[in-house]
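Chemist: Have a look at this fold, sequence not included:
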């Protein structure tokens, strides 16, 4: 059974997440991947997301995939019931996931019941392909990324931060550019997409 919680801004949807977890968060452990966040100015978002988990009584284990070997990473993901992937540069994140051969691995774990929590870039990579996000994120940062296939866990393409600073223009332009060709779902910082099996709703 697939269980996904996807959002633009995790702190802005804390209560929705609590409901998603049926208020059963105390003592649960989440594996936390902050790898997409490469901009020093937005490091506070990583701390904010960790604080949300901690305030709900969850234990957070940090997993910086760019600095660990494939075997160690896979071992940790294999054992966790809750995987969070945070925001930042989507292309850099995908590059590092592919570098460690984690795309199919994560997808299989989700298909076999691991709960996936994705914020911004972490939500975007659940799509079949992430190239549509090139108006919001700089592709050139991921110099070794040759193709853009994502986790392919959802049949839509998420555009986060709709009407939210500083992404007002890039989010709007992405929606306009692809709305006729892709199944675009745009959400603001107070909304979340919850997917159970293949049925989803926006909260």
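Modeler: Perfect, I can see it now. Note that the structure is predicted; figures quoted are calculated from it, not measured. Residues are numbered from 1 along each chain as shown.

Chemist: Residues contacting stretch 135-147, please?
Modeler: Stretch 135-147 is touched from outside by 38, 89-92, 94-95, 98-99, 121, 159, 161, 167, 170-171, 173-174, 177, with contacts defined as C-beta atoms under 8 Å, 6 or more residues apart in numbering. C-beta coordinates here come from the backbone N, C-alpha and C atoms, glycine included.

Chemist: Cross those residues against strands and list the overlap.
Modeler: residue 159 (DSSP state E).

Chemist: which of the contacts of stretch 135-147 count as buried?
Modeler: If you count burial by 16 or more other C-beta atoms under 10 Å, the buried members of those come out as 89-92, 94-95, 98, 121, 159, 161, 167, 170-171, 174.

Chemist: any idea how far the spatially most central residue of the chain lies from residue 29?
Modeler: The central residue of the chain, meaning the one whose C-alpha is nearest the mean C-alpha position (C-alpha atoms, centre = their mean), is residue 122 at 1.6 Å. Look at residue 122 and residue 29: by C-beta to C-beta, to the nearest Å, they are 18 Å apart.

Chemist: do residue 176 as well
Modeler: Residue 176 is 41 Å from residue 29, by C-beta to C-beta.

Chemist: what comes up buried for stretch 157-166?
Modeler: Of the residues in stretch 157-166, those buried under the neighbour-count criterion (16+ other C-beta under 10 Å) are 157, 158, 159, 160, 161, 162, 164.

Chemist: Settle this for me: the first one is touching residue 185, isn't it.
Modeler: Yes - in this structure, residue 157 sits in contact with residue 185. The criterion is C-beta atoms under 8 Å, and the distance is 7.1 Å.

Chemist: Does anything pack onto the longest helix that the chain contains? Which helices or strands?
Modeler: Among the elements of type helix in the chain, defined by DSSP state H, the one spanning the most residues is helix 43-55. In terms of contacts (3 or more C-beta pairs under 8 Å, 6 or more residues apart in numbering; DSSP states H and E), helix 43-55 is packed against helix 14-20, strand 29-33, strand 59-62.

Chemist: Figure out which of the ones you listed is closest to residue 80.
Modeler: When those are compared by C-beta to C-beta, strand 29-33 sits nearest residue 80, at 4.1 Å.

Chemist: Run through who's touching the closest one.
Modeler: Looking at strand 29-33 with C-beta under 8 Å, 6+ apart, the contacting residues turn out to be 49-50, 53, 58-65, 76-77, 80-86, 117, 122.

Chemist: 7 Å - rerun?
Modeler: Under the contact criterion C-beta atoms under 7 Å, 6 or more residues apart in numbering, strand 29-33 has outside partners 50, 53, 58-63, 65, 76-77, 80, 82-86.

Chemist: same thing with stretch 151-167?
Modeler: The set of residues external to stretch 151-167 that reach it, using C-beta under 7 Å, 6+ apart, is 2, 4, 6, 8, 103, 106-107, 110, 120, 123-128, 132, 136, 171, 174-175, 178, 182-189, 193, 195.

Chemist: for residue 143, phi and psi?
Modeler: Main-chain torsions, residue 143, degrees, to the nearest 10: phi -70, psi -20.
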